[in-house]
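K.L.:
sequence first, then the predicted structure:
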2 protein chains.
Amino acid sequence: MTSRKRYASSIDVAKLAGVSQSAVSRTYRQGTSVSEETRRKVLEAATALDYRPSMIPRIMLTHRSYLVAVVVGGLYNPFYATVLEIFSARLQDAGYQVLLMHTDSGHTLDDIIPRLSSYRVDAIVSALAVMSGAAAQDLARLKIPVVLFNAALANKWVSSVSSDNLGAGRAVAAHLVERGAKRFGFIAGPANSSASKVRFAGFRGQLAENQTAPVAFAEGDYRYEGGRAAALAIFAAAHPPDALFCANDLMAIGAMDALRTDLGLRVPEDVLVAGFDDIPAAAWAAYGLTTVVQDASRMVDQTIALLRARMAQHDAPGGVRTIVPATLVVRGSTRR
Amino acid sequence: MTSRKRYASSIDVAKLAGVSQSAVSRTYRQGTSVSEETRRKVLEAATALDYRPSMIPRIMLTHRSYLVAVVVGGLYNPFYATVLEIFSARLQDAGYQVLLMHTDSGHTLDDIIPRLSSYRVDAIVSALAVMSGAAAQDLARLKIPVVLFNAALANKWVSSVSSDNLGAGRAVAAHLVERGAKRFGFIAGPANSSASKVRFAGFRGQLAENQTAPVAFAEGDYRYEGGRAAALAIFAAAHPPDALFCANDLMAIGAMDALRTDLGLRVPEDVLVAGFDDIPAAAWAAYGLTTVVQDASRMVDQTIALLRARMAQHDAPGGVRTIVPATLVVRGSTRR
DNA sequence: TTAAGTGATGACTAGCTAGTCATTGACGCA
DNA sequence: TGCGTCAATGACTAGCTAGTCATCACTTAA
């Protein structure tokens, strides 16, 4: 129509091989019967013409694209980079392809939803660190299985998979108390991050059982610079904490650098620091950060399991909330 | 056919609106003439049925999918995570979608090429840190515009965009010499990384002009652990270097940790260290790593420009090699 | 030998959109 | 009034694959 065709079609192959188009199709499907002779002729012609079967008409026929949209926002965070990597690998192994949609915090989901539906994706995974309720509503409007990654919200259409943020927050608090900390600080993610809220709830809840003083609080942005600034803010107060829990590792590392470099404090001698995610840098010798391991591999597996159930059976239950255990790994930053 | 349809079609909308399917299509295309009255009726019906125009038949008609495959392997490296992020953003802005293909070093490209062509991607970007000649040949076989990101190889079909690895290697050498270094070491990427080879060539070439001793060499894997191990290997020798250039930042950071933590050496007092990429961690207070800034934004822009030229005009020249300048940023790790 | 079963094959069609083309009606101008 | 122009519209079709169905040749069981 517009441009000249780039690919040979099954009809072209059929013509060259002297068989019907059906025979070509059958050669590439399994569970069909083709004679050795025909198969040979078809494959020969296909090689000559550089034929590759196309998914596109198949999508029209079967209403399945084998495309899964993955919406990410925070690849600056190695945790999400890893998650994306695992998603790609697992989905590819399962015969799906990843349509990557990037959204920075400013952009709303509204902009990308038309794109998603125009490509007829089979499912959507949102791994946005921050997810507004409105955005979740938007996703719910689509009649496409949606799984939120590390966002608590779920409704009839949308499922979610997240770490045990509450339990992990409690575990961090218990650990810091056990190590003798008396005054506590928390560096949060952005105000609209549900994961951060839940981690803090667990942390504060556990501390309340130990009847300690109120927790110093500062809001960060899940980034190094934000953690550094938040730490400086917290330690500008009269009675600064002797233990700091940060909603993710990047901020914890920023906080450690602020304490050591800007304030001349020692970690762990003067201040204990703990983070969340267990990104590779947490294990680097310069930091040795005590943190919560999010089991990315298992979370991804759970997510894909949910998606496949929904995709296989269109009326499979939505609104499932899956919580994956998270474990504390103790390193030098809280070792006395 | 198989499952019940999930989406309303333009025919459904036309029926409900009491117009022809053509009218529905025109309502969503620009440069077409539809009366206000018709447009209103169509949009009303579309809203009622939750209609979204589908790209799939359009792909069949126009032979353009507006899909660009991005092949990545090393998202553990924040530089590539950033590159991917920029690619998504820019391609989405340009009206394209990103089909993400992940390949670990073991996997060959052969496995994914059938997938790529079956989805009729308009173009392919390979941002693999390591790219074998065979893999590049594979990509060349496709009649799809291909751009290699940071791999030098290019042929009639394949173009490439890379940093000025040679010039940057020279600049690092000159800088270290200027800072008084006498004995040099280099930690390379995997043996088949062309970028690493070129960086080393520039580095050694510049040093040769200054007539210094041979460069201590160790092979790493572009990762933290590899850099650490390589540094230990180099410094186990009798006359260890007093300046270390690493083919990327992750290895440089690993090397710094090895020097400081494992060997009790000081950076920069005992050993100067320089890296490549300028990942965020290079600027962290604990490291302050002198490194080469790869202008990811500009590299991506160049890549997309190449792709768009090839896509617009099927016989546009392939085999273009674009070199993007890279600048040295000096931080504490080489400051005396 | 006949009937039934099996494997292989091709004609045909569904699936959905965007473009082509012909038709219609309205409008402006002579 | 008559004619050319133009916007608006609908019928029709291309684009490509996988499934359905009917047909045919051939084998096996009765």
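P.N.:
Yes, it's here.
K.L.:
burial measure for the residue in the stretch 201-336 of chain A that DNA strand D sits nearest to, as a count.
P.N.:
Using C-beta to the nearest atom of the strand, the closest approach of the stretch 201-336 of chain A to DNA strand D is made by A:A312 at 15.3 Å. From N, CA and C alone the C-beta is placed, and that goes for glycine too. Number of residues near A:A312 (other C-beta atoms under 10 Å in any protein chain shown) recorded here: 9.
K.L.:
again, but for A:G180
P.N.:
10.
K.L.:
cool, A:G18 as well?
P.N.:
A:G18: 11 neighbours (other C-beta under 10 Å).
K.L.:
next up, the contacts around it.
P.N.:
A:K41 (C-beta atoms under 8 Å, 6 or more residues apart in numbering or on different chains).
K.L.:
ok, now how distant is it from DNA strand D?
P.N.:
Taking C-beta to the nearest atom of the strand, to the nearest Å as the measure, A:G18 falls 16 Å from DNA strand D.
K.L.:
picking that back up, ok, the residue of the stretch 201-336 of chain A closest to DNA strand D to A:P145 distance?
P.N.:
Using C-beta to C-beta, to the nearest Å, we find A:A312 at a distance of 10 Å from A:P145.
K.L.:
same deal with A:S20?
P.N.:
From A:S20 to A:P145 the distance is 38 Å (C-beta to C-beta).
K.L.:
between those two, which one's more packed in?
P.N.:
Between A:S20 and A:P145, counted using other C-beta under 10 Å, the more crowded position is A:P145 (23 against 14).
K.L.:
so the more buried one touches A:A123, yeah?
P.N.:
Yes - A:P145 is within contact range of A:A123, at 4.5 Å (criterion: C-beta atoms under 8 Å).
K.L.:
let me see the contact set for A:L91.
P.N.:
Each residue near A:L91 by C-beta under 8 Å, 6+ apart is listed here: A:68, A:97-98, A:304.
K.L.:
out of these, list just those in helices.
P.N.:
Mapping the contacts of A:L91 onto helices (DSSP state H) picks out A:I304.
K.L.:
which residue packs closest to the residue of the stretch 101-250 of chain A found nearest chain B, ignoring adjacent ones?
P.N.:
Distances between the stretch 101-250 of chain A and chain B by C-beta to the nearest C-beta are smallest at A:H102, namely 3.5 Å. Spatially, and ignoring its direct neighbours in sequence, A:H102 is nearest to B:S88 (3.5 Å; C-beta to C-beta, 6 or more residues apart in numbering or on different chains).
K.L.:
which residues of chain A lie near DNA strand D?
P.N.:
For chain A, the residues in contact with DNA strand D (C-beta under 7 Å from any atom of the strand) are A:1, A:5, A:7, A:9-11, A:21-22, A:25, A:28-29, A:51, A:53-54, A:56-58, A:60-62.
K.L.:
and those residues, which are buried?
P.N.:
A:7, A:9-10, A:25, A:28, A:51, A:53-54, A:56, A:58, A:60 (16 or more other C-beta atoms under 10 Å in any protein chain shown).
K.L.:
count of neighbours near A:G319?
P.N.:
Residues near A:G319, counting by other C-beta under 10 Å, number 12.
K.L.:
same question for the one 10 residues further on.
P.N.:
Burial of A:V329, expressed as a neighbour count using other C-beta under 10 Å, amounts to 14.
K.L.:
bridging residues for the closest residue to it other than its chain neighbours?
P.N.:
Distances taken as C-beta to C-beta, 6+ apart place A:V293 nearest to A:V329, at 5.4 Å, with adjacent residues excluded. With DSSP bridges applied, A:V293 shows beta-bridge pairing to A:D277, A:T327.
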